[in-house]
Each structure stands twice: as C-alpha cells, then as structure tokens.
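> structure for this input, please:
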Amino acid sequence: MPDLTGQRIAIVGGTAGIGFACAQAMQAAGATVVVIGRNAARGKAAAEALNATFVQSDAGRPADAARMIEEATAAMGGLDVLLSGAGGDPMPRLLRDIPLEELMQDVTGVLAPVILPARAAYDVMARQGHGAILLIASDAGKLATPGEAAIGTAMAGIAMFARAMAIEAKRQGIRVNTLTPSIVQGTPLYDKLMQNEFAARLFGKAEKMAHLGVTQPADIAHLAVFLASPAAARITGQTISVTGGISAI
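Residues are numbered from 1 along each chain as shown. Sure, this is the predicted structure:
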C-alpha cells in the first residue's frame, strides 16, 4: 500500500460505505483523517471507530461546504487531500417517470454535494501550493443506461468538473481525479437499490457481467489511497472506472 504518512485528508461522505472504507484505508496508510457527513449519529459512530474527527455538514449547500472545509483544515492544521463522495442515493427511474419539476433536483442533488467541497478546498490547497482532490462519481456518467438519465447527467458533470479543474489547478500544484465505480456491494446505497424493484433488475443484470467479481468498497479505497499518494504525482484529470468487468469505457 502506498505511504500516506503525514497526509491530512478530509473525506466528505466518510461516515459509511465507500467513504468510510476509504477513511479506514487512508488511515491505515498513515494519514490523519476527518470524516464529514450530514447524519450526526452515523458520523459520531464512524469517528469513534476511526478515532478521528467528525464534522457535521450538508455538502450540497455552499455555505456548509465552505464551513466544513474550514473546520477540517483547522482540525488537522492543513489539507493535503480531499475525497468528495457525498452524492446522495438517488434511485434510478425512467425519464418519463420524472416529473418536470423534479428533474433538476435529481441532477443537482447528486452533483452539488460532490463539486462544492472541491471548489471550497481549492482555495486552501492553492494557498499551500499543493493538494490532491478525488471525486466519486459513477460509470453512469460514461455509459447511457435506461433509468439513469438524471443520475448520469450529474455523474458526467462531476467528471467534467474534475477534468476542467485539473487543467486550471495544476498551476497551483493540485491534482484532480475522478473514481467511477458501477455497482458496489456492501454499502447502504447497494442495500437500498436492491430493495427497489426497477433498480434491482437493472443492477442484477449488471452484476452478472462483473466476471472479475462485483466491486467492493475496499476496491475503491485501494485506488483512492494510490491516487492520494506521491506514487500518483503525475496523474491528474483522469476518470477511472472500477467495475469488475461490467464495462470497458
């Protein structure tokens, strides 16, 4: 595992699922972590399990995004890495079933909580002259799938935001990359998806194509540790899939 000794990492969405697995792996690699989330009870439990600091915040609100980055930075004395993966848990539904007045809510509800913390962290890292930002999206932003028109639009937006940010932020020594899993077992979102009839059919078919095995949170965490580490010092602006073979895009 790459060495993250001395790295100060804020993890938005770090209280459960993929984010929590990333927090565990990063901490095991030597990093100091702060976990950020909306749910106070879940956040406190995660912080106790990690012996880490918890910051309660709604990443989808600009003022909250700014505050949580400020609090996480103060708690650690700086911010070397941001992992932003609090994109919510929207359920797939066909576009014709999404009321017009709900369409943009579905898009921004996924997009805003991921990109706003990245923008807030940009200022901190620019002052330092270094940093790494990792965004969690999904392969729905790469591959058009029935039922994921709104979700895919948001995920594609996350990936494009990261690529554009990477081109600008490299001048301040900041790297920006996106991780795009498909279905990930062992997460609260997976459990919720499997309880939804339409989503269960959709992702049940996808799982059968994962001949290397369905992705687990630890698979994403290992990649996140690498991308956060000095071993990935020349990698920026990339959108990397982890799907077990469901797709090759």
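> how close does Cys22 get to Ile11?
According to C-beta to C-beta, to the nearest Å, Cys22 stands 6 Å off from Ile11. To be clear about C-beta, it is placed using only N, CA and C from the backbone, and glycine gets the same treatment.
> what touches both of the two?
With contacts taken as C-beta atoms under 8 Å, 6 or more residues apart in numbering, Cys22 and Ile11 have 83, 85 as neighbours in common.
> can you give me how far the lengthiest strand in the chain is from the chain middle?
Of all segments of type strand in the chain, defined using DSSP state E, the longest is strand 174-181. The chain centroid and the centroid of strand 174-181 are separated by 9 Å, computed with C-alpha atoms, centre = their mean, to the nearest Å.
> now do stretch 69-82
When C-alpha coordinates are averaged (C-alpha atoms, centre = their mean), stretch 69-82 and its chain have centres 17 Å apart.
> buried stuff in that stretch?
69, 71-73, 75-76, 78-82 (16 or more other C-beta atoms under 10 Å).
> what of stretch 211-222?
Residues of stretch 211-222 classed as buried by neighbour count (16+ other C-beta under 10 Å): 214-217, 219-222.
> repeat for stretch 124-136
Quick answer for stretch 124-136 (16+ other C-beta under 10 Å): 124-126, 131-136.
> strands - which of these land there?
In this view, these that belong to strands under DSSP E are 131-136.
> can you redo the residues you listed as JSON lines with distance to Gly87?
Formatted as JSON lines, these follow (distance: C-beta to C-beta, whole Å):
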{"residue": "Gly131", "distance to Gly87": "21"}
{"residue": "Ala132", "distance to Gly87": "19"}
{"residue": "Ile133", "distance to Gly87": "15"}
{"residue": "Leu134", "distance to Gly87": "13"}
{"residue": "Leu135", "distance to Gly87": "9"}
{"residue": "Ile136", "distance to Gly87": "7"}
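> name the nearest of these relative to Ser229.
Proximity to Ser229 was ranked across these by C-beta to C-beta; first place goes to Ala132, at 8.5 Å.
> hmm, that closest one is touching Pro230, no?
No: taking contacts as C-beta atoms under 8 Å, Ala132 lies outside contact range of Pro230: 9.6 Å.
> contact partners for Cys41?
That one is not Cys; residue 41 is Ala. Counting by C-beta under 8 Å, 6+ apart, Ala41 has no contacts.
> element containing it?
Using DSSP states H and E, the element containing Ala41 is helix 40-50.
> just the buried positions in that helix, please.
Of the residues in helix 40-50, 42-43, 46-47, 50 count as buried by neighbour count, 16+ other C-beta under 10 Å.
> reformat these as a markdown table; add pLDDT and distance to Ala63.
Formatted as a markdown table, the entries for these read as follows, by pLDDT from 0 to 100; distance: C-beta to C-beta, whole Å:
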| residue | pLDDT | distance to Ala63 |
| --- | --- | --- |
| Arg42 | 95 | 22 |
| Gly43 | 97 | 19 |
| Ala46 | 97 | 23 |
| Ala47 | 97 | 23 |
| Leu50 | 97 | 26 |
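> from those, which single one is nearest Asp3?
The shortest distance between Asp3 and any of the buried residues of helix 40-50, using C-beta to C-beta, involves Leu50 and amounts to 18.6 Å.
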